[in-house]
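Colleague: from the sequence below, what's the structure:
(2 chains)
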2 protein chains.
Amino acid sequence: MSASSSCSKLSYKLNKHLDQDCPAPPVSLGRAWAEAYPSEQSPYKTSTHEAQQSVPGLLNLAQGVPGHLPSSGLLERVKLELGKDCMAAASYGPVFGAPELRAALAEDMNQRYAVQAEQCRINVQNVAITAGANMAAAVAFQAVAGPGDAVVLPTPWYFNHQMTLASLGVDVIALPTSAPSFEPDPSSFSTLLKDEATSKRIKALVLVTPNNPTGAIYSEEVLHRFADLCKDSGVALILDETYRDFLLDESGAREGQEVFKRPHSLFSRPDWQATIIHIYSFSKSYAIPGWRLGALVAHEALLAGAISSQSFGPVAKALDNYQICPARIDAQRAVAWAIHDSNEKTWRLQNAKLLLARRTAFLELMTAVEKSGWKVECTGAYYAYVSHPWARVSSETVAKELAQRVGVVVLPGAFFTPAQSRESAAQRLRFSIANVCIDRLQELPARLELISQMELA
Amino acid sequence: MSASSSCSKLSYKLNKHLDQDCPAPPVSLGRAWAEAYPSEQSPYKTSTHEAQQSVPGLLNLAQGVPGHLPSSGLLERVKLELGKDCMAAASYGPVFGAPELRAALAEDMNQRYAVQAEQCRINVQNVAITAGANMAAAVAFQAVAGPGDAVVLPTPWYFNHQMTLASLGVDVIALPTSAPSFEPDPSSFSTLLKDEATSKRIKALVLVTPNNPTGAIYSEEVLHRFADLCKDSGVALILDETYRDFLLDESGAREGQEVFKRPHSLFSRPDWQATIIHIYSFSKSYAIPGWRLGALVAHEALLAGAISSQSFGPVAKALDNYQICPARIDAQRAVAWAIHDSNEKTWRLQNAKLLLARRTAFLELMTAVEKSGWKVECTGAYYAYVSHPWARVSSETVAKELAQRVGVVVLPGAFFTPAQSRESAAQRLRFSIANVCIDRLQELPARLELISQMELA
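Modeller: This next block holds a predicted model:
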């Protein structure tokens, strides 16, 4: 123990919303489990005869992390931007980020979502650049919900959404989804909206598509039904599309050239801004999570427009409080360039293609352990939601043992669900399959096979 | 107006804590005012005969911004770090930031605050690196106070502290300070702690020393009295020392070499960790606000230690929710190096010396406009808190007119005080004197003189 731990106990009390209501950060837990795994070359610990076998190294499929470098073009560009204008990069920037990046993203979205009508087009005023998509989500939540209000999250949920809402004193209402589609049901949401106990407190619905953790992609029809329900009830639809750039349009490919798929047509609704708050992340598509760049796209009144007597929207205020500006030096200008550069676009397409191939390989590999009770319930480009074989062992225990015994780090289903409905998630794990190359994924069946034969407490 | 503004009104409602309780961000308001000032070379607008005079350019003394580049050594180092390990920099980092930077800051603090006793020493486990000091403050607040709780802020306050607390549904209780010392009074705080209406709701006291906006430096005696009161009442003492590196020890200087002054002896209290949550910013001392690096230093239980049944402290959770990790590429390792490098230390000392000279020059220059009703009430290295001549004009109006008519951008005193006590601040303005060089400051008296003769509505 460090010297400081011998220090006296805290004299002050902790905020219960953050200390008690908000659970521990899963990704940090995953890191701790991974650290408990013996070093790269040592045999793993187990009481069975397989103990003699050596497990070559850790397979970390916990946090959603791009398993590869950013494009060399983007790295060169950052060095260029850094050399060009050090002073500007070291200074504070505008609260909503670099104008170049805001404009580039707006234009990119108009193209990707095939937004035609003038009144629907996404403008620079609709875009705020944030220090990552978690920041965008936290600020979107705070813009529409306060202590005592409620927000609906389909389950399994993305844990930081639940953690952030809980820490702010906002109630989370679960909207369960189930295999095989893991798509939330608009009629169940409609029932919640009519329920006297909840109706007035519900301020937002959060949809993550493609989903984290299940990978599920919600259909056009379901998305529009949710948008209608939200609009009619004055509820915000917070749409997290962190994984939108891993959808390829195979039908639209010409002469063997890949094109990105249009994720959905919600942005062609003439009134989308009245209802939708869109969240985006540059971390996955551009492979730059450490640069901390995300975005919030919404009605300009939510950002800086005059909606009340004040001339700054709630997003401007919250971002000023938390980030002041997104970090520079100067990733923002480099990314603004990368959005439109054709080589960079090809890099992202190839990357998406690579991840789809990884997913195909993963599905094939997993058939080998089906007989041992492993089942892939749902997958996207980034994540697979998988059932494990131990009916009576909690998903946390399984995840912990997987890391420590066979060096496979994944996250338990329990982290994505409310305490009262943990049972349905108890047998599930989220594999972040985008993290490692196909070569490394080959090791997975043998390791899963091995632990399948063990007794887990 | 943009096309998007023709879009329908919001269908959802806004969170009142953020939309109504939390005021508009002063720094963004300052930017807006500055933009209303005619371009660099044009004559400024006024109805008087001075209209013919040309005002060479904007003097922006609003946001606290270092008016110079970071050291060339640090800029080179960032390029080096970027070239060395692009992959690591582009990946997620640990939630508390780079271990090198945490360790370097801990060691630097032990030296600077002359911490001797083993039990008092600041360790790496006490340090969390945050995406700026606003982030550190937001997380510290959330760690100890939730909706309905109260936090005490001496007034004039640092506006983002009040904004963040209001947005979280935490009540702010003002502890007024006044000229000439602008030091808060421990007995007034003690009265609040005993007051039935407030005592149980007070979770923290926030002290900013050297102060923003007044520049006041709190005495040893006052700091220890506040620490005693906080400890005895189970209230957290949140100590924001963003400006600590602009204090030079002139008595300790040997052979003409400057040394930093020990800011105070609070960290030598054997129980400091039980009570104190320290906030630090790299933005000012290292002249890198755009890099977004700050720190929170506190009891390790608050960070990641096991204080309840959970193994992650509230700071780990909140930082996971908001920042995931501080931005890399890789400012953190470069700054870790800069903390101890002797040339870099000299650069910071020279910088502090420069700012003190700027302050002296500012005080001298301001004597010229004393007869016109301008009075410097209090100053630090970064800020001066100044009275203006118009007894019946609000500080917001004066600030706005100063920017638009004579191109001097400052922040109104009203931004640093609660609505009910605006009157005392109505005649005050905060000048961020660290922003511009002495040459530019020379222009200030003439401009102030000029506007002093105008009628302000």
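
Colleague: how far out from the middle of the chain is the helix or strand containing A:Ser190?
Modeller: A:Ser190 belongs to helix A:186-194 when assigned by DSSP states H and E. With Cα atoms, centre = their mean, to the nearest Å as the basis, helix A:186-194 stands 25 Å off its chain's centre.

Colleague: then it to PDB, C-alphas only?
Modeller: The C-alpha atoms that make up helix A:186-194 are tabulated as PDB, following Å, rounded to 0.1, in the frame of the first residue of the first chain:
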ATOM      1  CA  PRO A 186     -42.200   0.800 -30.200                       C
ATOM      2  CA  SER A 187     -45.400  -0.500 -28.600                       C
ATOM      3  CA  SER A 188     -43.700  -1.200 -25.300                       C
ATOM      4  CA  PHE A 189     -42.300   2.300 -25.500                       C
ATOM      5  CA  SER A 190     -45.800   3.600 -26.200                       C
ATOM      6  CA  THR A 191     -47.100   1.800 -23.100                       C
ATOM      7  CA  LEU A 192     -44.400   3.500 -21.000                       C
ATOM      8  CA  LEU A 193     -45.400   6.900 -22.400                       C
ATOM      9  CA  LYS A 194     -49.100   6.300 -21.400                       C
END
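
Colleague: tell me the helices and strands packed up against the helix or strand just after it.
Modeller: Using DSSP H and E, the helix or strand that directly follows helix A:186-194 along the chain is strand A:202-208. Here strand A:202-208 is seen to pack against helix A:133-144, strand A:150-155, helix A:186-194, helix A:220-233, strand A:236-240 when contacts are counted using 3 or more Cβ pairs under 8 Å, 6 or more residues apart in numbering or on different chains; DSSP states H and E. Glycine gets a C-beta too; all of them are placed from N, C-alpha and C.

Colleague: which other helices and strands does the shortest one contact?
Modeller: Of the remaining helices and strands, those touching strand A:236-240 by 3+ Cβ pairs under 8 Å, 6+ apart are helix A:133-144, strand A:202-208, helix A:220-233, strand A:276-281.

Colleague: how about the first one: buried residues?
Modeller: Using 16 or more other Cβ atoms under 10 Å in any protein chain shown as the burial criterion, the residues of helix A:133-144 that qualify are A:133-144.

Colleague: sorry, back to before: mind putting the helices and strands packed on strand A:202-208 in TSV, distance to A:Pro176 and mean pLDDT included?
Modeller: Below are the helices and strands packed on strand A:202-208 laid out as TSV (distance: least, Cβ to Cβ, whole Å; pLDDT from 0 to 100):
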stretch	distance to A:Pro176	mean pLDDT
helix A:133-144	21	90
strand A:150-155	5	92
helix A:186-194	8	95
helix A:220-233	15	95
strand A:236-240	18	95
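
Colleague: the ones you listed into CSV, with extra columns for distance to A:Ile202?
Modeller: Formatted as CSV, the helices and strands packed on strand A:202-208 follow (distance: least, Cβ to Cβ, whole Å):
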stretch, distance to A:Ile202
helix A:133-144, 10
strand A:150-155, 5
helix A:186-194, 6
helix A:220-233, 7
strand A:236-240, 10
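
Colleague: who wins for proximity to A:His388 among the ones you listed?
Modeller: Taking Cβ to Cβ, strand A:150-155 is the member of the helices and strands packed on strand A:202-208 nearest to A:His388, at 18.2 Å.

Colleague: and A:Gln453, how far is that from chain B?
Modeller: From A:Gln453 across to chain B, the span is 30 Å (Cβ to the nearest Cβ, to the nearest Å).

Colleague: could you do A:Gly97 as well?
Modeller: Using Cβ to the nearest Cβ, A:Gly97 is found at 11 Å from chain B.

Colleague: before we move on, which element is that residue in?
Modeller: A:Gly97 belongs to no helix or strand, assigned by DSSP H and E.

Colleague: which residues touch the residue lying closest to it once chain neighbours are set aside?
Modeller: Ranked by Cβ to Cβ, 6 or more residues apart in numbering or on different chains and with sequence neighbours excluded, the top spatial neighbour of A:Gly97 is A:Ile129, at 2.6 Å. Shown in contact with A:Ile129 (Cβ atoms under 8 Å, 6 or more residues apart in numbering or on different chains): A:96-98, A:101-102, A:105, A:293-295, A:326, A:332.
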